[in-house]
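Student: Have a look at this fold, sequence not included:
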DNA sequence: ACCTGAACACCGTTCAAGT
DNA sequence: ACCTGAACACCGTTCAAGT
């Protein structure tokens, strides 16, 4: 009769997520994960290819949560696409504040993570739906990229403590929300008339995207 | 008669910058730096406190270069603040493409870097000057933060290969530039009338900021 | 004064040996 | 089948010893 397994993949990923928030990526060591799940480091390799794969699983779980949060926020915001965009931006910001290290991992500029395309699409879908309504199908993708770039950029800078010139950061965020909502709604955009071609995609590695 | 020094701090920082672009932060090891400057790893500690300090020096040098690039782009763009913003965004994007790893380091969401305030101000000054003209003193800081967040976010996502839904990324960039220039110019911003107070600043650690 | 080899405390990862 | 200790190849960093 075989003894019951002493740990599991979900437990390992969970330990990784906790350690990530506690001590950053440096704190996410195989030994620390192993200790947290009550096992020795070599045993982890029964369920995970290695540290990089574990980090990818942590990122995937984070992105899955983010997609759910974002979907819920959009649903709760009602029919007005402007309100949905505002709600999306605020929901992502709250998510990032709640799990800063995980957010930083998923949206890190240099990471070589291969996030699952279906997760990316799930996270991006609500923004795209809103911008399609506001900017029209031709500009939906450009508008979604503009809005997402601003939101991710703002939140990333805020997490990094990059707003150091004083002023009210909450006010700057709301200013940005309104500026982007207005801009994406097209009233000030000197829109080109190029059709929004959805090509093959460059399929590069990278962080959460659209 | 003492023998001449076999290396120097600038040489070490230069080696660090090269290694960063060649192999990312993981490739920036003390041993690799030492080998590149023709010395053994322990000797580096004569000129640098440790690896983290070296990384901070690399980031500082990068930010210094970026500030110079940005200043030059603004100067060359002429008197129209809209043109200056367009030129700034494109200059930062070109800089990031030229040195992606260094850009990622300086603008990483989670980094614990303590960039020098004077470098940050130098890098931010041209944007602030342009937004002050476009949005007025009351909204200059909010507008600069909005524009910078979008630019950093877009470039970071592009570097990470995060635009995977097809379409033309260059077109998305230009769409974003025009959207932000228009938004920052205030035509669509439902501006609050709160005065732009430049308070003490939260003085947190973090990446390049404004 | 600068440089070095040796050493220490960590990593990630592999693997033969245990149960 | 899962787990482990021991080992290996790396790290960053310290320090006594060399010149």
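Tutor: Structure's in. What do you need? The shown structure was predicted, so the numbers you read here are calculated from the model rather than taken from an experiment. Residues are numbered from 1 along each chain as shown, chains lettered A, B, ... in the order given.
Student: in the lengthiest helix in chain A, what counts as buried?
Tutor: Secondary structure assigned by DSSP state H gives helix A:51-77 as the longest helix of chain A. The neighbour-count check on helix A:51-77 (16 or more other CB atoms under 10 Å in any protein chain shown) flags A:51, A:54-63, A:65-67, A:69-71, A:73-74, A:77 as buried. For every residue, glycine as well, the C-beta is placed using N, CA and C.
Student: Show me what it is packed up against.
Tutor: Using 3 or more CB pairs under 8 Å, 6 or more residues apart in numbering or on different chains; DSSP states H and E, the elements in contact with helix A:51-77 are helix A:9-27, helix A:30-37, helix A:81-98, helix A:100-106, helix A:117-135.
Student: Name the spans of chain A whose pLDDT lies under the cut-off.
Tutor: A:1-2, A:187-207 (pLDDT under 70).
Student: so how far does stretch A:161-178 reach from one end to the other?
Tutor: Using CA to CA, to the nearest Å, the end-to-end distance of stretch A:161-178 comes out at 22 Å.
Student: now check that stretch, is it near chain B?
Tutor: Yes. Using CB under 8 Å from any CB of the partner chain, stretch A:161-178 reaches chain B at A:161-168, A:171-172, A:174-176, A:178.
Student: any idea how chain A splits into domains?
Tutor: A:1-48, A:61-189 (automatic domain parsing).
Student: near DNA strand C, which residues of chain A show up?
Tutor: A:28-32, A:41-42, A:45, A:50-52 (CB under 7 Å from any atom of the strand).
Student: which of the residues you listed has the most neighbours?
Tutor: Top of these by neighbour number is residue A:28, holding 23 neighbours under the definition other CB atoms under 10 Å in any protein chain shown.
Student: Can you tell me how far that one is from residue B:55?
Tutor: Separation of residue A:28 from residue B:55 (CB to CB, to the nearest Å) stands at 19 Å.
Student: Who are the contact partners of residue A:11?
Tutor: residue A:37 (CB atoms under 8 Å, 6 or more residues apart in numbering or on different chains).
Student: let me redo that: residue A:40
Tutor: If you count contacts by CB under 8 Å, 6+ apart, residue A:40 has them with residue A:34.
Student: thinking again about what came up before, nearest to residue B:36, of the helices and strands packed on helix A:51-77?
Tutor: helix A:9-27 (23.9 Å; CB to CB).
Student: List the buried residues in that closest one.
Tutor: Buried residues in helix A:9-27, counted by 16+ other CB under 10 Å: A:11-20, A:24-25.
Student: relative to helix A:81-98, how tilted is the longest helix of chain A?
Tutor: 140 degrees (axes from the mean of the first three to the mean of the last three CA atoms, to 10 degrees).
Student: Phi, psi for residue A:114 please.
Tutor: Torsion angles at residue A:114 (phi, psi; degrees, to the nearest 10) stand at phi -110, psi 80.
Student: now it, which residues is it bridged with?
Tutor: On the basis of DSSP bridges, residue A:114 is bridged to residue A:206.
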